[in-house]
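Colleague: Predicted structure and sequence below. I'll ask about it afterward.
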Amino acid sequence: MSETQNFVEVRNAQKQYGALEVLKDISLTVERGQIVAIIGPSGSGKSTLLRAINDLDPLTGGEVWLDGIQVNKQLPHRQYEKHINAMRQQIGMVFQHFNLFPHLTVRGNVTMAPKLLKGITAEEADALAEEQLAHVGLSDRIDYYPSQLSGGQKQRVAIARALAMKPKLMLFDEATSALDPELVEEVNLVMKKLAEEHMTMIIVTHEMDFAASVCDRVLFMDQGVVVEEGPPEVIFKAPNEERTREFLRKHLAGGK
Amino acid sequence: MDFDLMLRVYPFFLEAAWVTIELSVLTTILGLSCGALGAAARLSRHWYLRALGAAYVSVIRGTPALIQLFILYFGGPQIGIQLDAFEAGVIGLGVNIGAYMTETMRGAIIAVDRGQTEAARTLGLSRFEAFHKVTLPQAFRLMIRPLGVNINALIKGTALVAAIAVVELTYTAQRYIGSTYKPFEMFLLSGLLYMIIIYSVGRGIAWLDRKARIT
């Protein structure tokens, strides 16, 4: 196939675990600077799709493209490792459970990958850490260890860590699901700030209000297929599909 | 109890304790090396290395250490392996404890949350870099205490080499019983020295563990 015009393109993504089909022929395009939310019930395959984009969960069929380069290229093992490591440097990812490195300080978490992979000096690394932490509002926590931070602070450090690699694309896998309700807002604010800076983002979320307020487009997934997609006004206010309506009814009625 | 006798033979026991310490140190070094190799094999991407590691662990843990020592020391010459008693002791005990250390190290490595590797790989680190910079430093902290348990067992296990006539604490006690007929005093003396060694090592391990703990 020829290269794509779209910034991010997922073509006919399929994922099978034995007989279980988790993703059934999913396609998705994201333009540069766009923010796309993926919603859906648990087990719908939304996290699997997100994790396929940086090949953390390799697809069993289909292609993922980023900025004209195929991410999940078929290559011999060694070449593939080199290729995927280079691709992943351009794709930031934020996890539900933060996955900060507990043996490193906040500074260490933010600068480890740039120091190792981009060969920046100690002074450059310090400047980078200060810049990225200022960006998420945590300059005063630079020499703390992750265990000394609140959940919201941990997630903001995790975002700073991802941004320190200067990625082209950010993936958020339920970034606020593990947080106490009062800590969700500080993380959402950081994500909104990224949106204003036109970072391209794909966000798997359970927070409909947040999806409605920052996203350009919403995908509703169920049982491994995209049931419906469109602008948030349509998906949240006037969905076409019964399954979407039912999901939203449960989800919006369930408090929050 | 014959304290005079104990005081008289005490210097010889100190010398023997030194042999026990030498044995313990060398065995620890060899055991840690075998353990690291064994754990690497057991966690390898290649099935044949995993099988080799698993075979090492089950053969060694499935047979008495004394039999392993006898095979090496008495059976070795038959297949062209000539070792003196001390060498056979170090190699036999080291390879033996290495199997236990393999499992300790492997356990510590797989106890590090998978999400840590995922986060590192997501940033663009290679498998090796992620292991070296993220998994291993955390696994080290987890393995200090259980390796301490292995080392404790190893020090006591050095008593086995008395059976191949290495002149260490246990053998020395037996030798002096032969001339003094005072087993109670002689074994008490060597037991006491074992305890001092083991207690000191235990304190050292606890100190390391405290120092390595993540704040």
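Modeller: Ah, there it is. Numbers count the residues shown, from 1 in each chain, chains lettered A, B, ... in the order given.
Colleague: CA atoms only: put the helix-or-strand element of chain B with minimal mean pLDDT into PDB for me.
Modeller: Lowest mean confidence among the helices and strands of chain B (mean pLDDT, DSSP states H and E): helix B:169-180, at a mean of 89. C-alpha atoms of helix B:169-180 as PDB (Å, rounded to 0.1, in the frame of the first residue of the first chain):
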ATOM      1  CA  LEU B 169      35.200 -25.700  61.500                       C
ATOM      2  CA  THR B 170      33.200 -28.900  61.500                       C
ATOM      3  CA  TYR B 171      36.100 -31.100  60.500                       C
ATOM      4  CA  THR B 172      38.300 -29.500  63.100                       C
ATOM      5  CA  ALA B 173      35.800 -30.200  65.800                       C
ATOM      6  CA  GLN B 174      35.700 -33.900  64.700                       C
ATOM      7  CA  ARG B 175      39.500 -34.000  64.700                       C
ATOM      8  CA  TYR B 176      39.800 -32.700  68.200                       C
ATOM      9  CA  ILE B 177      37.100 -35.000  69.500                       C
ATOM     10  CA  GLY B 178      39.300 -37.900  68.300                       C
ATOM     11  CA  SER B 179      42.100 -36.800  70.600                       C
ATOM     12  CA  THR B 180      40.200 -35.300  73.500                       C
END
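Colleague: secondary structure element for A:Ala113?
Modeller: Using DSSP states H and E, A:Ala113 falls within helix A:106-118.
Colleague: list the buried ones in the least confident helix or strand of chain B?
Modeller: Neighbour-count burial for helix B:169-180, counted by 16 or more other Cβ atoms under 10 Å in any protein chain shown, picks out B:Leu169, B:Thr170, B:Tyr171, B:Thr172, B:Ala173, B:Arg175, B:Tyr176. Placement of C-beta: from N, CA and C, glycine included.
Colleague: who does it touch, helix- and strand-wise?
Modeller: Applying 3 or more Cβ pairs under 8 Å, 6 or more residues apart in numbering or on different chains; DSSP states H and E, we find helix B:169-180 packed against helix B:3-42, helix B:183-212.
Colleague: so which of those helices gets nearest chain A?
Modeller: helix B:183-212 (9.3 Å; Cβ to the nearest Cβ).
Colleague: That closest one near chain A anywhere?
Modeller: No. Figure legend: helix B:183-212 not in contact with chain A (Cβ under 8 Å from any Cβ of the partner chain); closest approach 9.3 Å.
Colleague: average model confidence for that helix?
Modeller: If you average the pLDDT over helix B:183-212, you get 93.
Colleague: Distance check, A:Val94 against chain B.
Modeller: Distance, A:Val94 to chain B, using Cβ to the nearest Cβ, to the nearest Å: 9 Å.
Colleague: which of the residues in the helix holding A:Ala113 are buried?
Modeller: Those buried within helix A:106-118 under the rule 16+ other Cβ under 10 Å are A:Val106, A:Arg107, A:Gly108, A:Asn109, A:Val110, A:Thr111, A:Met112, A:Ala113, A:Pro114, A:Lys115, A:Leu116, A:Leu117.
Colleague: Show residues contacting the least confident helix or strand of chain B.
Modeller: Residues from elsewhere that reach helix B:169-180 (Cβ atoms under 8 Å, 6 or more residues apart in numbering or on different chains): B:5, B:9, B:12-13, B:15-17, B:19-20, B:158-159, B:161-162, B:165, B:167, B:182-183, B:186-187, B:189-190, B:193-194.
Colleague: Quick check: which of the buried residues of helix A:106-118 are also close to chain B?
Modeller: Subset of the buried residues of helix A:106-118 in contact with chain B: A:Met112, A:Ala113, A:Leu116, A:Leu117, counting by Cβ under 8 Å from any Cβ.
Colleague: phi, psi of A:His77?
Modeller: The phi/psi pair for A:His77 (degrees, to the nearest 10) reads phi -50, psi -50.
Colleague: Need the pLDDT of it.
Modeller: At A:His77, the model reports a pLDDT of 89.
Colleague: Neighbours of the residue lying closest to A:Glu63 once chain neighbours are set aside, how many?
Modeller: Of all residues not flanking A:Glu63 in the chain, A:Arg11 sits nearest, at 4.5 Å (Cβ to Cβ, 6 or more residues apart in numbering or on different chains). Residues near A:Arg11, counting by other Cβ atoms under 10 Å in any protein chain shown, number 19.
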